[in-house]
Structure formats: C-alpha cells, structure tokens
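Undergrad: This is a predicted model, with the sequence first.
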Amino acid sequence: MLSAISIGSLKTSGTSTLALTLASVAAAADIPVVLVDAARDGDLAAWAERDGVPAKVSVERVRDEMALEKLVRAARRRGELVVIDAGDEAEMIRTAARLCDRHIIPVRFSPLSASFAVETDEMLRQDAGRGRRGRDWCFVASAVATIPSRIARSVEAIVEASPTQRMPIGLVQRAAYEAPFLFGGTIFTLDEEAAPGLDRARAEAASLAYAIGILGKIETRKSAPGVELRRAA
Ligand SMILES: Nc1ncnc2c1ncn2[C@@H]1O[C@H](COP(=O)(O)OP(=O)(O)OP(=O)(O)O)[C@@H](O)[C@H]1O
Ligand SMILES: [Mg+2]
C-alpha cells in the first residue's frame with residue numbers, strides 16, 4: 001500500500017475533486033488520512049470548514065516546501081495516508097511529487113487539459129532522479145463524459161503518446177463528486193437526496209483507489225514510468 005500520493009496538473013483539471021474523493025475512500029475504509037491542501041486557491045481548506053469532515057480525515061493547509069515535507073514525514077511516521085492537492089503550480093507539483101510514492105496527473109477530456117497533462121508529465125520526467133524516493137506517476141481521467149466524442153478520442157491520443165501509464169479507471173463526470181463541495185461531507189457520508197448516483201460514485205472511487213494503490217495490497221514499481229502496474233495476487 002502506498003502511504004503518500006500527490007495530485008496536480010499544470011492546468012486546472014479536477015485536482016481537488018480527485019484528492020477529496022481518494023481521501024474519502026480511505027476514510028470510509030477506516031484508514032486515517034491527512035489531506036493536504038497545497039493548492040493556490042485552498043478548495044479543500046474551504047471544504048474542511050463545513051460540517052461533515054470524517055473523523056479519520058485531517059485537513060492541513062500548506063503553501064511552502066519545508067512545511068509540506070515536515071507534514072508528510074510526520075504523517076508517515078504515524079502510519080497515516082497522505083493525499084496532497086498540489087494544485088496547478090509547477091514548483092508545488094514537483095515538490096509534492098518528490099515527497100510522495102506516486103503522483104497523479106488528472107486529465108479532463110479537453111484538448112487543453114491533455115496538453116498540460118503531457119507537459120506536467122514531461123516536467124516530472126525531467127525532474128526524475130532528484131529527491132530521495134523512487135519516481136512514479138500516472139495519468140488519471142478526472143471527469144470523463146459518458147458519451148464518447150471525437151474530441152475525447154483525440155484527447156486520449158495525446159495522452160497515449162506518452163510512455164507514462166494511464167490508469168484504466170478514472171472518474172466519470174457525476175454530480176455526486178461535486179456534492180461534498182456544496183454540502184460538506186463526502187460521497188460516503190452524504191445521502192442520495194443530496195446527490196443522485198452516490199452508489200456508482202462510491203464504487204468507482206473505491207476501484208480507482210485500489211488501482212492507484214492506496215487500498216489493499218498492491219505491488220508497485222519504483223522507477224521507470226510506462227511499466228504496467230501489477231496487482232498482487
Ligand atoms: N468527476 C467529476 N464529475 C463532475 N464534476 C467534476 C468532476 N471532477 C471535477 N469536477 C468539477 O470541475 C470543476 C473543477 O474541478 P476541481 O475544483 O476539482 O479542479 P481543480 O483542478 O482543483 O481546479 P482549481 O484550479 O479551480 O482548484 C469543479 O466545478 C468540479 O466540481
Ligand atoms: Mg482545486
């Protein structure tokens with residue numbers, strides 16, 4: 001199981017939604033999680049001010065490298081999972097990725113989001129080798145439209161041109177993922193009245209968390225991007 005993951009792309013692409021969703025899965029599975037809001041606009045810090053933050057989730061607002069490193073180290077020592085919303089700034093994405101076991105580059109199915117995702121990927125590749133931990137990152141689709149379009153297929157082609165792995169599971173575009181930002185709480189604590197489709201959102205979020213490696217037993221690679229993930233038997 002991974003103990004620290006960061007999420008961020010050089011263009012706004014559903015980073016905060018993905019970070020909150022993954023932290024929510026962990027909390028629902030009784031895993032203590034430190035959700036770090038290192039992004040420019042503090043979406044998760046704002047979310048944390050509402051009622052309904054699960055007891056297993058603590059939210060920290062951090063904007064500098066040293067504080068982030070201290071937080072990640074302390075959480076690792078306590079055996080807690082760390083999920084960092086690194087936002088869209090290059091320096092913060094690099095720093096967060098360097099401190100974590102895996103970095104997720106969210107991709108919305110728009111051409112701009114895809115080009116910036118590839119730019120983020122290249123930035124991390126240039127940075128690989130620096131820092132103490134093995135490098136590991138992947139693309140995750142963050143708000144997939146259920147009706148495939150020609151644009152969506154071209155976007156896929158942009159991302160697939162990179163040797164970096166794209167997770168086979170992503171998040172479909174659903175109102176359920178937006179509900180926590182409106183009402184507080186998580187997709188696991190809200191009820192169906194607040195947002196239809198919570199069941200599907202929960203199942204999808206849990207599958208993604210497994211695929212990424214923050215739930216259950218996952219064998220992970222520690223170096224070359226592009227190698228397939230192998231799920232332990
Ligand atoms: N899977 C999804 N389903 C529905 N809406 C989504 C999904 N993912 C993201 N969104 C919506 O898209 C918008 C941008 O998402 P989000 O705030 O997570 O992105 P961000 O990268 O953190 O952006 P910002 O730079 O504004 O902080 C939000 O309105 C969010 O609710
Ligand atoms: Mg955000």
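TA: That came in fine, so what should we check first? Ligands and ions are numbered 1, 2, ... in the order given.

Undergrad: mind listing what's buried in the helix or strand of the chain with the lowest mean pLDDT?
TA: Comparing helices and strands within the chain by mean pLDDT, DSSP states H and E singles out helix 150-160 as the least confident, with a mean of 86. Along helix 150-160, these residues count as buried under the neighbour rule (16 or more other CB atoms under 10 Å): 152, 155-156, 159. Yep, even glycine has a C-beta here, placed from its N, CA and C like the rest.

Undergrad: Give the other helices and strands that that helix contacts.
TA: helix 111-127 (3 or more CB pairs under 8 Å, 6 or more residues apart in numbering; DSSP states H and E).

Undergrad: Now the helix it packs on: buried residues?
TA: Within helix 111-127, the residues that count as buried by 16+ other CB under 10 Å are 113-118, 120-121, 123-124, 127.

Undergrad: for stretch 70-83, same thing?
TA: Within stretch 70-83, the residues scored as buried using 16+ other CB under 10 Å are 71-72, 75-76, 80-83.

Undergrad: which ones are touching the nearest residue to residue 56 once chain neighbours are set aside?
TA: Here the nearest residue to residue 56 in space, its sequence neighbours aside, is residue 27; by CB to CB, 6 or more residues apart in numbering that works out to 4.0 Å. Counting by CB atoms under 8 Å, 6 or more residues apart in numbering, residue 27 makes contact with 33, 54-57, 186, 188.

Undergrad: Kindly report the same for residue 186.
TA: Counting by CB under 8 Å, 6+ apart, the residues that residue 186 touches are 20-21, 23-24, 27-28, 52, 54, 57, 180.

Undergrad: In which helix or strand does it reside?
TA: Under DSSP states H and E, no helix or strand contains residue 186.

Undergrad: Quick one: neighbours of the nearest residue to residue 183 once chain neighbours are set aside, just the number.
TA: Using CB to CB, 6+ apart and skipping residues adjacent in sequence, the residue nearest residue 183 is residue 194, 5.2 Å away. Taking other CB atoms under 10 Å as the criterion, the count of residues near residue 194 is 17.

Undergrad: Check residue 56 too.
TA: Residues near residue 56, counting by other CB under 10 Å, number 17.

Undergrad: same thing with residue 143?
TA: In terms of burial, residue 143 registers 21 neighbours under the definition other CB under 10 Å.

Undergrad: What sits closest to it if chain neighbours are left out?
TA: The spatial neighbour of residue 143 that comes closest, neighbours along the chain excluded (CB to CB, 6+ apart), is residue 173 at 4.3 Å.

Undergrad: Kindly tell me how buried the one you found is, as a neighbour count.
TA: Counted with other CB under 10 Å, residues neighbouring residue 173 total 16.

Undergrad: Would you report the backbone torsion angles of it?
TA: Recorded main-chain torsions at residue 173 are phi -70, psi 110, according to degrees, to the nearest 10.
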